[in-house]
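1. Task: produce atomic coordinates for the following.
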Amino acid sequence: MLTLVTGTTGRVGSRFAPRLLAQRRPGDTVRVLVRDAARAERLAALGAEVVTGDLRDPEALGKAVAGADAVVNVAATFRGVPDEEAWAVNHGAAVELGRAALAAGVGRFVQVSTANVYGVGRGRPLTEDDESRPGGEMWGAYAESKIRAERDLLALDGLDVRIGRLPFVYGDGDPHLAESLRWAAHWAAAQRLQMVHHADVAQGLLRLLHAPGIGGRVYNIADDAPVTTVELYRLNGAEVPAEVSARTDPDPFFGVLSTERIRRELGYRPVHPSVWAARDAGAL
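-> The predicted structure follows:
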């Protein structure tokens, strides 16, 4: 099985690809598409086949998918980039990659998406059948481009697409946990953040990649215990600002995910059920 992985120099992809490489079976090949081959030297040393090119270049896409059995599209731009770049990468390039995969006869396409596509909360944990409702503090070009990519990929007739939606990702030395205080400074004390460790992102994506008969399905990939603003400060060893206690959480179920589907259908169980468990295991 030859699997193409994109986005392997980013925070999620750089931690997913080594795990995929470590779990190869005899005869399996992992191919990575990168713009700068020097940034993939570590993966090449682990046995990855490196293709150099830009995700937005049709010729590069053709080379990358040639002979592939599966694609895992991790590549994305997050907040902080111009809207047009978010749309170009998160939607345009993702859909073109899907079309190239379809033309090349790729059997499976795993699209990495975000829990931000749900928009506002529903007063309960969000399920994969919930429609996207634009709104909330995290809405914008990132969420809009990702939900549009999901829809357009699923609409490609003949392509077996599986979608994994991720909440806040942390662990393995990722600075994301420390960066969370940028947002937490504006939250209420009891406001919750749904999280998932990189090890469980990899576990979830590998289950989506290998499971038969799940084309067209969407899965939330998350841990069991969203953490509060106060906990985020304590995890970072920082003093909790007094003003957070004066605020009210406007949407108590914003971003809180149900993982019932991936548990029931794919046997997923988080290695790190909470960020506290990950901390105790030395996995932050």
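2. residues in contact with Ala48?
-> 8, 17, 21, 30-32, 40 (C-beta atoms under 8 Å, 6 or more residues apart in numbering). C-beta here means a position set from N, CA and C on the backbone, and glycine is covered the same way.
3. ok, those vs Asp200, which is closest?
-> Of all those, Asp200 sits closest to Ala17, with 15.8 Å by C-beta to C-beta.
4. So which of the contacts of Ala48 belong to helices?
-> Taking DSSP state H, the ones among the contacts of Ala48 that sit in helices are 17, 21.
5. Make CSV out of the contacts of Ala48 and add pLDDT, neighbour count and distance to Arg108.
-> Formatted as CSV, the contacts of Ala48 follow (pLDDT from 0 to 100; neighbours: other C-beta atoms under 10 Å; distance: C-beta to C-beta, whole Å):
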residue, pLDDT, neighbour count, distance to Arg108
Thr8, 97, 27, 18
Ala17, 98, 26, 17
Leu21, 98, 19, 18
Val30, 98, 24, 14
Arg31, 98, 22, 14
Val32, 98, 28, 17
Ala40, 94, 23, 23
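6. So which of the contacts of Ala48 are in strands?
-> Counting by DSSP state E, these place 30-32 in strands.
7. Going by distance to Gly282, which of those wins?
-> Distances from Gly282 to the ones in strands among the contacts of Ala48, taken by C-beta to C-beta, are shortest for Val30, at 26.9 Å.
8. Please look at Arg133 and Val120 and confirm they touch.
-> Yes: between Arg133 and Val120 there is a contact at 5.0 Å, judged by C-beta atoms under 8 Å.
9. What pLDDT does the model give the closest residue to Gly92 other than its chain neighbours?
-> Distances taken as C-beta to C-beta, 6 or more residues apart in numbering place Arg56 nearest to Gly92, at 7.0 Å, with adjacent residues excluded. What the model reports for Arg56 is a pLDDT of 91.
10. I'd assumed Arg99 was in a helix, is it?
-> Yes: assessed with DSSP: H, G, I helix; E, B strand; the rest coil, Arg99 lies in a helix.
11. check contacts around it.
-> Counted by C-beta under 8 Å, 6+ apart, Arg99 has contacts Leu156.
12. Show me the helices in this structure, by range?
-> For the chain, the helices defined by DSSP H occupy 13-22, 41-45, 58-65, 83-86, 94-103, 141-154, 176-179, 181-184, 198-210, 229-235, 260-266, 275-280.
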